[in-house]
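1. coordinates for the following, if possible.
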Amino acid sequence: MPRPHFTLTVVTSHDGFIARHPGDSPAAWASAEEQALFFADVEAADWGILGRHTHEVADRPDRRRIVFSGAAGGWRRPTQLWLDPANLTPSDLPERVDTVQPLERGVILGGTRVHDWFLTHGAIDRVHLSVEPVAFGAGLPLFSDQRGPAETVLEALGFLCRSDRRLNAAGTRHSVWVPRGA
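-> Residues are numbered from 1 along each chain as shown. Purely as a prediction, here's the structure:
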């Protein structure tokens, strides 16, 4: 079985944070234009993959989700599987959910440790990045050991920008990134 295609869809502040603190929902500070793109990515995916905190901030019983947590795993709802990712790789995920919905297109929804896990496994095939014109000064970074604007972080990690556009008059930007050599 081929490995699924994984897209990291994320919104950051201008200074590179995905949230001000655990439990901070981007819906509180992201633009309507960004949220429309985010939900389009979620709808296009077979499964969303996210951490427990991100799941709890935006619990959606109607969505197919793989929730990473160190807590007891298993099916918590008919379409929500909780897993401890410690001894898993991205290629292990399809067999875990195949009886509910095949995993061909996964969307990585956060948070930082989930981003780290996919990055460590070299399994981020595309990044859909929105940057809002707000600065937090501190918060949860895109990746644990990286600081600064998300574009700078992605470049340093070997991603290339394929497209970039302005979403609104406020200055929200959206760009698409791929790993170098892809």
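
2. which non-adjacent residue is nearest Val134?
-> Of all residues not flanking Val134 in the chain, Ser13 sits nearest, at 5.0 Å (CB to CB, 6 or more residues apart in numbering). Every residue, glycine included, has its C-beta placed from N, CA and C.

3. may I see the buried residues of the longest helix along the chain?
-> When the chain is parsed with DSSP state H, its longest helix is helix 32-44. For helix 32-44, the neighbour count (16 or more other CB atoms under 10 Å) marks 33-34, 37-38, 41-42 as buried.

4. how about stretch 152-170?
-> Buried, per 16+ other CB under 10 Å, within stretch 152-170: 153-154, 157, 159, 167.

5. equivalent analysis for stretch 115-133, please.
-> Buried residues in stretch 115-133, counted by 16+ other CB under 10 Å: 115-119, 123-132.

6. which among these gets closest to Trp82?
-> Using CB to CB, Trp117 comes nearest to Trp82 of the buried residues of stretch 115-133, at 14.7 Å.

7. doesn't the closest one fall inside a helix?
-> Yes. Under the criterion used here (DSSP: H, G, I helix; E, B strand; the rest coil), Trp117 sits inside a helix.

8. ok, and the closest non-adjacent residue to it?
-> That would be Pro85: by CB to CB, 6+ apart, it lies 5.4 Å from Trp117.

9. surely that neighbour is in contact with Phe118?
-> No. Taking contacts as CB atoms under 8 Å, Pro85 lies outside contact range of Phe118: 9.6 Å.

10. which parts of the chain are helices?
-> Ranges of helices within the chain are 32-44, 52-57, 93-97, 112-120, 150-156, based on DSSP H.

11. tell me which other helices or strands the last one touches.
-> In other words, helix 150-156. strand 126-132, strand 159-166 (3 or more CB pairs under 8 Å, 6 or more residues apart in numbering; DSSP states H and E).

12. cool, the third one as well?
-> Contact analysis of helix 93-97 by 3+ CB pairs under 8 Å, 6+ apart lists strand 47-51, strand 65-68, strand 80-83 as its packing neighbours.

13. of all these, which one comes closest to Gly148?
-> Taking those one by one with CB to CB, strand 47-51 is closest: 22.2 Å.

14. list the helices and strands the closest one packs on?
-> Using 3+ CB pairs under 8 Å, 6+ apart: strand 47-51 touches strand 65-68, helix 93-97, strand 105-110, helix 112-120.

15. could you give the angle of the longest one to strand 126-132?
-> Angular relation of helix 112-120 and strand 126-132 on a 0 to 180 degree scale: 140 degrees, by axes from the mean of the first three to the mean of the last three CA atoms, to 10 degrees.

16. between helix 112-120 and strand 105-110, how big is the angle?
-> If you take the same axes, to 10 degrees, helix 112-120 sits at 130 degrees to strand 105-110.

17. now do helix 112-120, average pLDDT.
-> What helix 112-120 shows for mean pLDDT is 97.
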